[in-house]
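J.: Take this sequence and fold it.
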Amino acid sequence: MSNPFDFRQSEQPPSATASGFEWENSPSAPALTVAGPPRYLLFGAASTALFASLVALMFLGSMLAALIAWLLAGPVAVALLGLFTSRDIAARAAPVYVCPIWLPWAIRGAIVLIGVGVALSSWRFADWASR
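T.: Have a look, this model is predicted:
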């Protein structure tokens with residue numbers, strides 16, 4: 001009968017960890033990842049809307065520039081904001097979610113930039129069509 005506390009007979013010594021749990025360093029250890037919002041999509045939507053506003057202001061008499069600015073500020077920026085929202089909701093379902101304190105204000109700012117971009121480009125397009 002062998003002694004169960006005699007580790008000299010064992011081929012492999014027991015693993016010692018700081019907290020005493022052997023499963024911490026094993027390949028099947030539970031991994032806990034921290035999730036956050038996809039900031040790049042939010043900044044992409046805001047920068048696209050800002051770029052569209054600048055295009056609408058710089059090229060005053062061009063119908064093509066107004067149309068491109070409207071497409072960038074409208075469907076493209078809104079699609080990026082929608083993609084941000086759907087991925088943010090998926091990230092919030094993670095066990096650990098870290099939301100920066102400035103995120104709600106950044107979302108509101110992106111929505112305002114999108115509105116300004118659509119309004120400026122629509123106004124430029126309407127001004128061109130009325131002449």
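J.: list the contacts for the spatially most central residue of the chain?
T.: Centroid-nearest residue in the chain: P38, 1.3 Å away (criterion: CA atoms, centre = their mean). Counting by CB atoms under 8 Å, 6 or more residues apart in numbering, P38 makes contact with L83, F84, R87, D88, A91. Yep, even glycine has a C-beta here, placed from its N, CA and C like the rest.
J.: So what's the residue count around the fourth one?
T.: Residues contacting D88 under the criterion other CB atoms under 10 Å number 20.
J.: And the closest residue to it other than its chain neighbours, how close does it get to A56?
T.: Excluding its sequence neighbours, the residue lying closest to D88 (CB to CB, 6 or more residues apart in numbering) is P37, at 4.6 Å. From P37 across to A56, the span is 29 Å (CB to CB, to the nearest Å).
J.: which residues does V116 contact?
T.: V116 sits next to A49, S53, A73 when contact means CB under 8 Å, 6+ apart.
J.: from the residues you listed, which single one is nearest L67?
T.: A73 (11.1 Å; CB to CB).
J.: Ignoring the adjacent residues along the chain, who's closest to the closest one?
T.: Distances taken as CB to CB, 6+ apart place G117 nearest to A73, at 2.9 Å, with adjacent residues excluded.
J.: average pLDDT across the helix or strand harbouring the one you found?
T.: Here G117 sits within helix 103-130, counting by DSSP states H and E. Mean per-residue pLDDT for helix 103-130: 92.
J.: Let me know the average pLDDT across stretch 59-74.
T.: 88.
J.: What residues sit buried inside it?
T.: Within stretch 59-74, the residues scored as buried using 16 or more other CB atoms under 10 Å are S62, A65, A66, I68, A69, W70, L72, A73, G74.
J.: check which helix or strand covers A49.
T.: Under the criterion of DSSP H and E, A49 resides in helix 39-58.
J.: what angle sits between that helix and helix 103-130?
T.: Relative orientation of helix 39-58 versus helix 103-130 (axes from the mean of the first three to the mean of the last three CA atoms, to 10 degrees): 30 degrees.
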